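Undergrad: predicted model, plus sequence, below.
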Amino acid sequence: MARQTSGAILCPSCGQLISVNAETCIHCGQRQPGLWGFGPTLRNLLSHYGFTEIFNAFCILLFGISLILTPMTYIFRSFLGPSMPALDLLGMTGAYAMQEGRWWTVVTAIYLHGNLLHIYFNLSAIRQLAPAVEEFFGTARFILIFTVSGILGFVVSNWRGIPATIGASGSLFGLLGALVYYGRDRGGAMGTAIYKQSWQGAVANLLMGFLLPFINNWAHMGGFAGGYLVALLLGYAEKRRENLVMQLLALGAVLLTIISFGFVIWRIVVLKI
C-alpha cells in the first residue's frame, strides 16, 4: 500500500484541509487523521473498490466452480444447481459446520448459491439495493452492513439448528434493514418514502419465504437485524462522515472474507477434504 509522506489531505472526520503528517486534526481533534501517510490510499481503495461488481463476479465464479465439481446428471436434475458435497467443499455453513468448528463458513456461505434462479434473484436484488445504500451510508459502511448482515444471519440460522444453508439473502435483508433505519431516522418526504418502500419490501420477501420451500427465514431475519443495527451504530453520511475507524473496519471485513476463503483452500489443498 503506497504511503504519502508530504502534502495535504482532507481530514476524514471533519473534511477540513490538514497536513498528511499531522498527529491531530487542528479542526476536530481526530488523532492520526492521515493514518501515518496510508490514509489517502486506504480511502481511495474504499472509494473505488467496486464492491458490488466484485461480489457479483466472485459469486458467479464460485457458482461455476461448484458446477464443475458436480456430476452432470445432478446438475440437470436440480435446474443447474451444484451438489451438496460441492457446496460443502466450497464453504457451505450450517449447524453441522459449526459442530466441526468451521466458523469461517458463516462468511464463505454468503458467496455460494444453490441453483441458477437462486443466484440470479439474489444478485439482481443486490444490484438494485446496493447503489442506494452506498450513496446514503458511504462505501466503508456499506461493506460493513453487507458483511455483518450476512454473518449475523447465518449465526442466527446456525443457532436455530438449520443443518445446511448458503446464499446472500441475509446480506440482502441487511441492506433493507439499513434502508429502513435510514428512512425512519431521516424523516421528511424522502425518508418516509424510503422507509415505507424498504419495510414493505422486507415484509413481502419474508412472507414469501414462509410460503416457499427451502427458504432460510432465520437468516433473513438475522440479516435484517444486522443491517439495522450497523446503520444505527455507525450512522449515515448526512449525519456523520466516514472516518478512519470505519474505513479500517471495512478493510478488516474484506480481509476476514479473504482469510475465510483461505481456510476453504487449506481444507482442499492441505487436508484434501
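TA: That came in fine, so what should we check first? Numbers count the residues shown, from 1 in each chain.
Undergrad: burial of Gly187, as a residue count?
TA: Using other C-beta atoms under 10 Å, the number of residues around Gly187 comes to 10. For every residue, glycine as well, the C-beta is placed using N, CA and C.
Undergrad: and the next helix or strand past the worst-scoring helix or strand of the chain on mean pLDDT?
TA: Using mean pLDDT, DSSP states H and E, helix 39-47 stands out as the lowest-scoring helix or strand of the chain, at a mean of 60. Per DSSP states H and E, the first helix or strand lying C-terminal to helix 39-47 is helix 51-68.
Undergrad: what's that next one in contact with?
TA: For helix 51-68, contacts defined as C-beta atoms under 8 Å, 6 or more residues apart in numbering pick out 75, 80, 82, 86-87, 90, 111-113, 119, 122-123, 126-127, 130-131, 134, 139, 142-143, 146, 168.
Undergrad: write the PyMOL selection for whichever of the residues you listed are buried.
TA: Paste this into PyMOL to select the buried members of the contacts of helix 51-68, with burial taken from 16 or more other C-beta atoms under 10 Å:
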select buried, resi 75+82+86+87+90+111+112+113+119+122+123+126+130+134+139+142+143+146+168
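Undergrad: buried set for the helix or strand hosting Met190?
TA: Taking DSSP H and E as the definition, Met190 sits inside helix 188-211. By neighbour count on 16+ other C-beta under 10 Å, the buried set for helix 188-211 is 194-195, 198-199, 201-202, 205-206, 209.
Undergrad: stretch 66-81 now?
TA: Under the neighbour-count criterion of 16+ other C-beta under 10 Å, stretch 66-81 has 66-67, 70, 75, 81 buried.
Undergrad: report the two of the residues you listed separated the most.
TA: Pairwise distances across the buried residues of stretch 66-81 (C-beta to C-beta) peak at 9.8 Å, for the pair Ser66 and Ile75.
Undergrad: let me see the confidence value for Ile18.
TA: Listed pLDDT for Ile18 reads 68.
Undergrad: verify the stated contact: Gly150 with Thr108.
TA: No. With contact defined as C-beta atoms under 8 Å, Gly150 does not reach Thr108; the gap is 10.1 Å.
Undergrad: tell me how this structure divides into domains.
TA: Here the domain assignment for the chain is 8-44, 51-269, based on automatic domain parsing.
Undergrad: worst mean pLDDT among those?
TA: Lowest mean pLDDT within the domains of the chain: domain 8-44, a mean of 65.
Undergrad: if I look at Ser66 and Ile75, which residues touch both of them?
TA: What both Ser66 and Ile75 touch, as defined by C-beta under 8 Å, 6+ apart, is the set Pro82.
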